[in-house]
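Undergrad: Below are the sequence and a predicted model; questions follow.
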Amino acid sequence: MSARPAAWVFVGDLGELRLGPGDAHHLSRVLRLRAGEDVGASDGAGRWRLCLVTSVGGGDVRLEPAGPVVADEAPQPPLSVGFSLVKGDRPELVVQKLTELGVDRIVPLAAARSVVRWDAERAARGVGRFRQVAREAAMQARRTRLPEVSPVTSLAAAAKALGDQGALCEQGGDEPPSLRRPALLVGPEGGWDPEELACGLPVVGLGPTTLRAETAAIAAAVLLCGLRGRTVQEAAGITRSK
């Protein structure tokens, strides 16, 4: 992007540029945009264009194209972070920060030692809320791609799906995070249980201190995104002695 637009929205069609009521309210009532200001609009799949606000009123905001449709190349490799459910609004904080940092796939986990237990109905509502939080965070961060927020899953299912792309985060892990394993799974504050640690995924460490579950998930995302964006240099051939 050559310039920072005043706001960012997601639309279903970059040709029609129709805003939903919630987005129109946000632009008009919260950000108080006026006619003549620039807005970036994306389809959530990497395509976007610069737009111009032509009118604001009656809870409606009208946009018109002010630039061509641009297709951003997807960064490689895709990054995934799984986090075990915790109490209160901390899961929403995790989803928000992982989205802002640039994680491509967010996986809520039901671990053996998780304090939070959601039934199917509560899990569906929770994931729906996570997806809304991710959308809002992607707008704030000016992302052209919305992250995928997976349904709540077990560690066993996540490990099977990730295969050789995944690793567990655990204090005292043998190696630091690496793009060779671009999917990191973070356990609850009680840690993974022995059966989960035996799932076949390698174990990586995030540092010497004991982190809260939400802090560990955000730290994992910072490291992976930093490695991919080359703001962090990957250590070569480092294995911690046991």
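TA: Done, it's in. Residues are numbered from 1 along each chain as shown.

Undergrad: how much space is there between T209 and S80?
TA: Distance, T209 to S80, using CB to CB, to the nearest Å: 24 Å. Backbone N, C-alpha and C define where each C-beta goes, glycine included.

Undergrad: wait, I meant L19
TA: Distance, L19 to S80, using CB to CB: 30 Å.

Undergrad: Of those two, which one has the most company?
TA: For L19 versus S80, neighbours defined as other CB atoms under 10 Å are more numerous around S80 (26 against 21).

Undergrad: Could you report the separation of the more buried one from T210?
TA: Taken as CB to CB, the span from S80 to T210 is 24 Å.

Undergrad: Likewise for C199?
TA: Between C199 and T210 the distance is 22 Å, computed by CB to CB.

Undergrad: All the strands of this structure, in order from the start?
TA: Secondary structure of the chain by DSSP state E: the strands cover 7-10, 38-42, 47-57, 60-65, 70-71, 80-84, 105-110, 148-149, 153-154, 166-169, 183-186, 203-204.

Undergrad: Pull up the pairing partners for the first one, direction included.
TA: Just to be clear, that refers to strand 7-10. Paired neighbours of strand 7-10 in the sheet (DSSP bridges): strand 38-42 (parallel).

Undergrad: Could you tell me the angle between the partner strand and strand 60-65?
TA: For strand 38-42 against strand 60-65, the angle by axes from the mean of the first three to the mean of the last three CA atoms, to 10 degrees is 80 degrees.

Undergrad: So what's the gap between strand 38-42 and the chain middle?
TA: Taking CA atoms, centre = their mean, to the nearest Å, the mean C-alpha location of strand 38-42 is offset from the chain mean by 20 Å.

Undergrad: Same check on stretch 50-59?
TA: Stretch 50-59 sits 29 Å away from the centroid of its parent chain (CA atoms, centre = their mean).

Undergrad: Return the per-residue confidence for the most centrally placed residue in the chain.
TA: Nearest to the mean C-alpha position of the chain, by CA atoms, centre = their mean, lies T99 at 3.0 Å. Looking at T99, its pLDDT reads 98.

Undergrad: how deep is the residue lying closest to it once chain neighbours are set aside tucked in, by neighbour count?
TA: Distances taken as CB to CB, 6 or more residues apart in numbering put A137 closest to T99, at 3.8 Å, once the chain neighbours are dropped. Close neighbours of A137, defined as other CB under 10 Å, add up to 20.

Undergrad: show me the contacts for A137.
TA: V95, Q96, K97, T99, E100 (CB atoms under 8 Å, 6 or more residues apart in numbering).

Undergrad: distance of the residue nearest to the centre of the chain from L206?
TA: In terms of CB to CB, T99 sits 20 Å off from L206.

Undergrad: quick one: buried residues of the worst-scoring helix or strand of the chain on mean pLDDT?
TA: Within the chain, confidence by mean pLDDT, DSSP states H and E is lowest for helix 21-25 among all helices and strands, at a mean of 90. Using 16 or more other CB atoms under 10 Å as the test for burial, helix 21-25 gives D23, A24.
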